[in-house]
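Peer 1: structural data only, the sequence is not supplied:
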Ligand SMILES: Cc1ncc(C[n+]2csc(CCOP(=O)(O)OP(=O)(O)O)c2C)c(N)n1
Ligand SMILES: [Mg+2]
């Protein structure tokens, strides 16, 4: 089963390598990994989507937790969270199909961010289902390039770790 | 007052209580070596950096203090890699200092540049590349803290040359702030209560003890626990010495080459109390058939070990010493009279054994003689292979930190430099490296180190002129096709010893054994004893790969 991990790490050179290295060394499957600085500049936050059974995931979490530069690991799979991904898609778009494409863009509340002679670049954010759906809808026109950020996720409601800590006391 | 980076390193090492380092100089560490020249810290000059890492490792295992090794950038640093991996696999606290090209030269394939923090990433507990001399003292302090706390392990500090020349204020110890590092997640009183209850209710319990008991300094508590509960104890290779193997409740080592009675006991037990052991595949063999009737209490400081290989019913995550202290007063003494009788019966029916033959030296006999002559009070290191397993089977370790062997990595060439480290740390101890002829050739250059520093180590080579353990597998599982295991040309080890200025003794007959050992122990010089042993002797019992540990060959 796929799990979503929210990981706080020291914003230091080499941290990403350590995390990625851990996954490859122990044979875990990363499906996506997104990382960026938080509101506290010395801390970065990673959202990691990883596939595995409960035992594997338990190991992933514990092994991540052991890395000195990892501050906190939360498996948020089973709590309510908001997740988003950003995708850029360059599609074939000769003038005759542009109208059709623009309709699709509208439906998904996506945006056209570049117009070429025979191509369009479309930007879309959304959860996984939406991203998959827009990709599927644009496929028939011919996708020339596609890039996506990987999922980022945040638990709904109060700050998750604080919530957890109160529970533990 | 401002100090140079090199001065800061030396002062920080002194402040950390380091009185000896093992190393080898080179261009990138010149400034550091210049400052070491004036320092009271003793520097043991090895002959290959692998030797420095293993010696630091052996020193740490023998003393309980962190070992320190130093190498220059590039090839010096890469030569440490095997030693760092070895320390990592066996959770040994060492701090490795490596020179690095100056910061502006990094990334340009400069002369003797190697990305050693990258190379060692999967085999260190943590590592640093120092980019600012003002961070240097704090980094060194953090490195020692990380190496020695929680589950110990190697920490590497990469030191660009310009950092060792630049200056900064020096204050020690610096403030340590870890947002992210806490050494152990704690167990709860309820968990202690439940484990204590499970022990009281068990009828066939076994203690399965690993190296964690030794690194936690918990041998005393373990002894107390056993005296109270009368539960029999089996140890792993790294656990040897955590509980005296001369004790009636000791079952010796378990696993692939363990005693039959240890393997039977754990296989038929209803409760395994694992302490500082990690259910390694050399212990469990097939996991699906391992100890099928047992519940498991797992005491370990590393939360990630709990449930990694087997299902754990009663986890106790924490420092073993403390866990046992909490457990001892609460544990109920189990009713295990019948079980102990059964275990005694196994011990009587299936003792470790080998056959003596007229006119042939048996390697097991050599190990037994070493044990008898030292009364089990020596510090033993081993190489890897049959020699290691015979040492584990026949040298009954009595005290913690007296049986030092490369378990997780299985590194041939570990024993000799580890013996050097152990002798440096324990100058009054009799130190024996129980060696194989193949392994010892991997690091035999360190004889020069032992001679130079007048370390009276004894190297007992069980010379079968084979890569014996591999040959044994070929004999048993590959139709006796001895592919590349006959060493054919083995050096004259007596002459080799003499060439280095050590003492060389050859033993070919039984009656020469004892005098040779006596002479070696009495000698103030390093001694190599070349025991010319039965070539095709096998290590038994043996669990064939992929079989349950009750299915043992031989013995
Ligand atoms: C560095 C390294 N290379 C290869 C091996 C694989 N290996 C394990 S035991 C062994 C044979 C060891 O021979 P020797 O030191 O003579 O010991 P013996 O088994 O004969 O006692 C080998 C090659 C290893 N463990 N370590
Ligand atoms: Mg051999």
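Peer 2: Now that the structure is in, tell me what you want to look at. Just so it is clear, the model here is predicted, and its values are computed rather than measured. Ligands and ions are numbered 1, 2, ... in the order given.
Peer 1: can you tell me the centre-most residue of chain A?
Peer 2: residue A:151 (1.1 Å; Cα atoms, centre = their mean).
Peer 1: and the pLDDT at whatever residue of chain A ends up closest to ligand 1?
Peer 2: Of all residues in chain A, the one sitting closest to ligand 1 is residue A:25 (20.1 Å; Cβ to the nearest ligand atom). The C-beta positions use only the backbone N, C-alpha and C, and glycine is treated the same way. With respect to pLDDT, residue A:25 scores 89.
Peer 1: which non-adjacent residue is nearest it?
Peer 2: Nearest non-adjacent residue to residue A:25, counting by Cβ to Cβ, 6 or more residues apart in numbering or on different chains: residue B:122, 4.5 Å away.
Peer 1: what residues does that neighbour make contact with?
Peer 2: For residue B:122, the contacting residues are A:21-22, A:25, by Cβ atoms under 8 Å, 6 or more residues apart in numbering or on different chains.
Peer 1: who wins for neighbours among those?
Peer 2: Neighbour counts for the contacts of residue B:122 (other Cβ atoms under 10 Å in any protein chain shown) peak at residue A:22, which has 19 neighbours.
Peer 1: hey, what's residue B:531 bridged with?
Peer 2: Beta-bridge pairing for residue B:531 (DSSP bridges): residue B:462, residue B:507.
Peer 1: pull the number of nearby residues for it.
Peer 2: Neighbours around residue B:531, by other Cβ under 10 Å: 30.
Peer 1: so how far is residue B:449 from it?
Peer 2: 23 Å (Cβ to Cβ, to the nearest Å).
Peer 1: kindly report the same for residue B:46.
Peer 2: 5 Å.
Peer 1: where exactly do the helices run in the stretch 51-200 of chain B?
Peer 2: For the stretch 51-200 of chain B, applying DSSP state H, counting those that start in this stretch gives helices covering B:75-79, B:81-89, B:116-119, B:136-148, B:161-165, B:189-201.
Peer 1: now the residue of chain A most remote from its centre, what's its secondary structure?
Peer 2: Largest separation from the mean C-alpha position in chain A: residue A:96, at 34.1 Å (Cα atoms, centre = their mean). Three-state assignment for residue A:96 (DSSP: H, G, I helix; E, B strand; the rest coil): helix.
Peer 1: distance check, it against residue A:135.
Peer 2: 22 Å.
Peer 1: elements contacting the longest strand along chain A?
Peer 2: The residue-count maximum for a strand in chain A (DSSP state E) belongs to strand A:81-92. Here strand A:81-92 touches strand A:119-126, helix A:128-138, strand A:143-148, strand A:152-155, going by 3 or more Cβ pairs under 8 Å, 6 or more residues apart in numbering or on different chains; DSSP states H and E.
Peer 1: mean neighbour count, mean pLDDT and distance to chain B for the ones you listed - can I get that in CSV?
Peer 2: Putting the helices and strands packed on strand A:81-92 into CSV (neighbours: other Cβ atoms under 10 Å in any protein chain shown; pLDDT from 0 to 100; distance: least, Cβ to the nearest Cβ, whole Å) gives the following:
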stretch, mean neighbour count, mean pLDDT, distance to chain B
strand A:119-126, 19, 98, 31
helix A:128-138, 16, 96, 29
strand A:143-148, 13, 97, 27
strand A:152-155, 18, 96, 20
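Peer 1: could I get those in JSON lines, plus columns for distance to residue B:494?
Peer 2: Converted to JSON lines, those look like this (distance: least, Cβ to Cβ, whole Å):
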{"stretch": "strand A:119-126", "distance to residue B:494": "77"}
{"stretch": "helix A:128-138", "distance to residue B:494": "72"}
{"stretch": "strand A:143-148", "distance to residue B:494": "69"}
{"stretch": "strand A:152-155", "distance to residue B:494": "68"}
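Peer 1: want to try a markdown table for the ones you listed, with distance to ligand 2 as columns?
Peer 2: Converted to a markdown table, those look like this (distance: least, Cβ to the ion, whole Å):
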| stretch | distance to ligand 2 |
| --- | --- |
| strand A:119-126 | 65 |
| helix A:128-138 | 58 |
| strand A:143-148 | 57 |
| strand A:152-155 | 56 |
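Peer 1: select, out of these, the one closest to residue B:490.
Peer 2: Ranking those by proximity to residue B:490 (Cβ to Cβ) places strand A:143-148 first, at 60.8 Å.
Peer 1: just the angle between that closest one and strand A:81-92, please?
Peer 2: 160 degrees (axes from the mean of the first three to the mean of the last three Cα atoms, to 10 degrees).
Peer 1: what does chain A have sitting close to chain B?
Peer 2: Within chain A, the residues that sit near chain B (Cβ under 8 Å from any Cβ of the partner chain) are A:9-10, A:13-14, A:17-18, A:21-22, A:25, A:55, A:58-59, A:62-63, A:65-72.
Peer 1: got a quick PyMOL command for the buried subset of those residues?
Peer 2: Per 16 or more other Cβ atoms under 10 Å in any protein chain shown, the buried members of those correspond to this PyMOL selection:
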select buried, chain A and resi 9+10+14+18+22+58+59+62+63+65+66+67+68+69+70+71+72
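Peer 1: would you mark the buried spots in stretch B:540-547?
Peer 2: Those buried within stretch B:540-547 under the rule 16+ other Cβ under 10 Å are B:540-543.
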